[in-house]
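Chemist: I'd like to go over a predicted model; first the sequence, then the structure.
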Amino acid sequence: AQTVTQSQPEMSVQEAETVTLSCTYDTSESNYYLFWYKQPPSRQMILVIRQEAYKQQNATENRFSVNFQKAAKSFSLKISDSQLGDTAMYFCAFMSMGSGTYKYIFGTGTRLKVLA
Amino acid sequence: DAGVIQSPRHEVTEMGQEVTLRCKPISGHNSLFWYRQTMMRGLELLIYFNNNVPIDDSGMPEDRFSAKMPNASFSTLKIQPSEPRDSAVYFCASSSLDEQYFGPGTRLTVT
């Protein structure tokens, strides 16, 4: 069974600094997707970034980038130039295409607080 | 597109009452997911549909919970009878391929 582990329940970072959130996963599949979602206090789940497993290049979206290490089954999120609006819960998610369905497996989340 | 629409946004009910949560997925999306989020258990997948057909309901807690998707633009999650431990935020999400788009959630409080 696939699992997703986020080992950092809480983190904090100073405004304008860089922070990295960790995520590891376990799967025997070779074709899958990985995602990071952000959940601010408004509780809306917002897709931050996605990575296809077959792509070696790490995904980047503005200040957000990932470090995807397929062999190590690691998928960390780096937030550069942190802003107060980045304060949120961050969830890592895995989706396998092997079964032809689109079921996500979510991690338990990391609560990030950006300090002024 | 208006995104995934959920109603109501907040629901307060008494134990034993029936509760119905509603979801309108994004037009053109063929998969729909119901999640429950609590502090203790995090984000749990309850059930998901593909082309209006329930594919996996293994996350549904017990027989008090039921979900339907009568057509491509509407789904309901029903709890009957409700219990205080059902208090949570319930999310609906839809997808056409790999990316899931979440609704704003329904905060349910059962007293």
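Modeler: That came in fine, so what should we check first?

Chemist: Okay, now the unreliable bits of chain A?
Modeler: Confidence mapping of chain A against pLDDT under 70 gives the ranges A:98-101.

Chemist: Show me which residues of it are close to chain B?
Modeler: A:33, A:35, A:37, A:42-47, A:50, A:91, A:95, A:97, A:101-104, A:106, A:108-109 (CB under 8 Å from any CB of the partner chain). (Each C-beta comes from the backbone N, C-alpha and C, glycine too.)

Chemist: Skip the chain neighbours and tell me the closest residue to the residue of chain B found nearest chain A.
Modeler: When distances are taken as CB to the nearest CB, chain B reaches nearest to chain A at B:Phe102, 3.7 Å away. Leaving aside its sequence neighbours, B:Phe102 sits nearest to A:Met45 (CB to CB, 6 or more residues apart in numbering or on different chains; 3.7 Å).

Chemist: just A:Val4 next, same as before
Modeler: A:Gly107 (4.1 Å).

Chemist: quick one, phi/psi of the one you found?
Modeler: Backbone geometry at A:Gly107, expressed as degrees, to the nearest 10, gives phi -80, psi 180.

Chemist: Neighbours of it, how many?
Modeler: Counted by other CB atoms under 10 Å in any protein chain shown, the residues lying close to A:Gly107 total 25.

Chemist: you'd agree it is up against A:Ser76?
Modeler: No - judged on CB atoms under 8 Å, A:Gly107 makes no contact with A:Ser76 at a distance of 11.8 Å.

Chemist: quick revisit: next up, the contacts around the residue nearest to B:Phe102.
Modeler: If you count contacts by CB atoms under 8 Å, 6 or more residues apart in numbering or on different chains, A:Met45 has them with A:37-39, A:91, B:91, B:93, B:102, B:105.

Chemist: Of those, which is the most crowded?
Modeler: Neighbour count (other CB under 10 Å) singles out B:Phe91 as the most crowded of the contacts of A:Met45, with 27 neighbours.

Chemist: bridging residues for that one?
Modeler: Per DSSP bridges, the residues bridged to B:Phe91 are B:Tyr35.
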